[in-house]
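1. I would like to see how this sequence folds:
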Amino acid sequence: MCHAQWLTHVNRILRLYVSMESSSENLVILVTYIVKIFAKIDLVIQRNSYIARPENVLIALLTDLEPHIREPAVSPSDFETRIIQENGLRLPTVKFDALSYTNLIDWQENITDPSILKSIPDEDIRLFAVQKADGELSLLHLLCHKQAVEMADKTVTEASASLCKKSEIEGFIRNQIESRKVMPKFDSKKDFHAI
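-> Modelled structure (predicted):
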């Protein structure tokens, strides 16, 4: 199993655990392992708080199951005060003493609209927040990882493992992409086509 697939499974297991009121013993064991062992090895939140960027937290608020959490994310004043600009790679300061993910960051800082929501009208977002509890109304159909993402992740990992210079890594990645365009399938010698 590649690293991206493992992260997808970890994400789904933790989301399942959080969404259930009572969990099975096996699920509790898995979550305990993830939180106590895997998370300590794989994640360093103090240096990598991309997941807590305002636009990510805002999407989580909009898709929450609880209406009282979704409501503040779509209040009319929020749409007018939100800044439509690129936030760059400026990472937020994470409040580690927060009791809920809604309080994880300071909402008085510049809050930017998630780029994924910019093409959706404000009224549709408000309607989604109000009607989500009534049924399976869906605003976005997003997959955590697609096969193309996993292939790109594998290519970058291979390039980084074998090369050091940034220009060489980028060249390796570009060559791999071009090679896949020329020869998308290469399972045996019969698939080989000389250029």
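2. how does the chain divide up, domain by domain?
-> Here the domain parsing of the chain from the TED database is 54-137, 148-183.
3. Tabulate the CA atom coordinates of the strand or helix carrying residue 17 in CSV.
-> Assigned by DSSP states H and E, residue 17 belongs to helix 3-19. Extracted in CSV, the C-alpha atoms of helix 3-19 (Å, rounded to 0.1, in the frame of the first residue of the first chain):
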residue,chain,number,x,y,z
HIS,A,3,1.7,6.2,1.5
ALA,A,4,-1.1,8.2,-0.1
GLN,A,5,-3.5,5.2,0.3
TRP,A,6,-2.5,4.8,3.9
LEU,A,7,-3.2,8.5,4.6
THR,A,8,-6.6,8.1,2.9
HIS,A,9,-7.4,5.1,5.1
VAL,A,10,-6.2,7.0,8.2
ASN,A,11,-8.3,10.0,7.3
ARG,A,12,-11.4,7.8,6.8
ILE,A,13,-10.9,5.8,10.0
LEU,A,14,-10.6,9.0,12.1
ARG,A,15,-13.6,10.6,10.4
LEU,A,16,-15.7,7.5,11.1
TYR,A,17,-14.6,7.4,14.7
VAL,A,18,-15.4,11.1,15.2
SER,A,19,-18.9,10.7,13.6
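4. Counting neighbours, what do you get for residue 94?
-> Using other Cβ atoms under 10 Å, residue 94 has 15 neighbouring residues. In short, each C-beta sits where N, CA and C put it, glycine included.
5. how about it, secondary structure?
-> Using DSSP: H, G, I helix; E, B strand; the rest coil, the structure places residue 94 in coil.
6. Distance of it relative to residue 64?
-> 19 Å (Cβ to Cβ, to the nearest Å).
7. and what of residue 155?
-> 35 Å.
8. list the contacts for residue 71?
-> residue 129 (Cβ atoms under 8 Å, 6 or more residues apart in numbering).
9. Same check on residue 149?
-> residue 4.
10. If you count neighbours, what's buried in the helix or strand in which it is found?
-> Per DSSP H and E, residue 149 falls inside helix 147-162. Of all the residues in helix 147-162, those buried under the rule 16 or more other Cβ atoms under 10 Å are 153, 155, 159.
11. pLDDT weak spots in the chain?
-> The model of the chain has pLDDT under 70 over residues 1-3, 39-51, 75-90, 108-113, 132-146, 191-195.
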